[in-house]
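A.B. asks: Have a look at this prediction, sequence included:
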Amino acid sequence: MKEIRLKDIILQNIFVVSKQPVLFRDLLESNCLFNEGMLVDPAKLNFKFRYAKTYLVYAIFCAIILGFLILITHHLFTRLDFHLSIISAVIVTAAVFIGFDMFKIWARKAVSKELIKRAWAIHFPYFSYEKYSTKVEMIYNEAIKNEIPKKDLEKYVLERLIAQSKDDI
C-alpha cells in the first residue's frame with residue numbers, strides 16, 4: 001500500500017500537470033538544469049501553478065505556524081515594551097512574504113524532480129535516474145558542443161549511455 005505524504009498532497013493541489021509526455025530533448029535539458037541547481041522551465045515539463053490554491057495552502061501553513069507562535073509569545077509581549085511587538089510584527093510580515101517565494105521555489109523544485117523521474121522512466125527505462133542522471137547530463141552537454149542535430153540526439157545519447165554503462169560493468 002502506497003504511503004500518502006503531506007508533500008504529495010500539497011504538490012497535487014497546487015500544480016496542474018499536463019497529460020502530454022515530456023519530449024526527449026526537453027527531458028535532457030530539464031535534467032541538466034535541475035542537476036545544476038537551477039529552476040526548470042515549467043513549459044518543458046508540462047506543468048503550471050494553480051495560484052489561488054498555492055496562496056490558500058500557504059495561508060493555511062502560515063496560520064498554523066503563526067497561531068502557534070502567538071500562543072507561545074503572547075504573554076511575553078504583553079509584558080514587554082510595545083516597540084518590540086511592532087518590530088517583531090514587521091519581521092514576521094517580511095518572513096511571511098519571503099517565505100512564500102521560498103515555498104514556491106521548494107514546490108517547483110519538488111514537482112520538477114518528480115516529473116523528470118517520471119519522464120526518465122519512459123525515455124530511459126533500463127537506466128536508473130539516481131545512477132545515470134549526471135552521466136546523461138555530461139553526454140547531453142557533449143552533444144550540444146558537437147552540434148548533434150535534433151533528429152540524431154536520441155540515438156547519440158543512448159549509444160553513448162550504453163557504451164558508458166558497459167564500461168561500468
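C.D. replies: Good, I have the coordinates.
A.B. asks: Quick check: which ranges of this protein have low pLDDT?
C.D. replies: Filtered on pLDDT under 70, the chain yields the residue ranges 1-3, 167-169.
A.B. asks: For this structure, which segments are assigned as strands?
C.D. replies: 15-17, 47-49 (DSSP state E).
A.B. asks: Just put these in JSON lines and tack on distance to residue 6 and mean neighbour count.
C.D. replies: For every residue, glycine as well, the C-beta is placed using N, CA and C. As requested, the strands of the chain are arranged in JSON lines below (distance: least, C-beta to C-beta, whole Å; neighbours: other C-beta atoms under 10 Å):
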{"stretch": "strand 15-17", "distance to residue 6": "15", "mean neighbour count": "16"}
{"stretch": "strand 47-49", "distance to residue 6": "18", "mean neighbour count": "16"}
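A.B. asks: Include distance to residue 82 when you put those strands into JSON lines, please.
C.D. replies: Formatted as JSON lines, those follow (distance: least, C-beta to C-beta, whole Å):
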{"stretch": "strand 15-17", "distance to residue 82": "42"}
{"stretch": "strand 47-49", "distance to residue 82": "39"}
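A.B. asks: Which among those is found nearest to residue 137?
C.D. replies: Comparing those against residue 137 with C-beta to C-beta, the closest turns out to be strand 47-49 (21.0 Å).
A.B. asks: Contacts made by the closest one with the rest, please.
C.D. replies: Applying C-beta atoms under 8 Å, 6 or more residues apart in numbering, the external contacts of strand 47-49 come out as 14, 15, 16, 17, 18, 42, 104, 108, 111, 115.
A.B. asks: Would you point out the most distant pair within the residues you listed?
C.D. replies: Of all pairs drawn from the contacts of strand 47-49, the one with the largest separation by C-beta to C-beta is 18 and 104; the distance is 19.3 Å.
A.B. asks: Tell me who's in contact with the most centrally placed residue in the chain.
C.D. replies: Compute the mean C-alpha point of the chain, and by C-alpha atoms, centre = their mean the closest residue is residue 109, 1.2 Å away. When contacts are counted by C-beta under 8 Å, 6+ apart, residue 109 touches 34, 39.
A.B. asks: same thing with residue 150?
C.D. replies: When contacts are counted by C-beta under 8 Å, 6+ apart, residue 150 touches residue 25.
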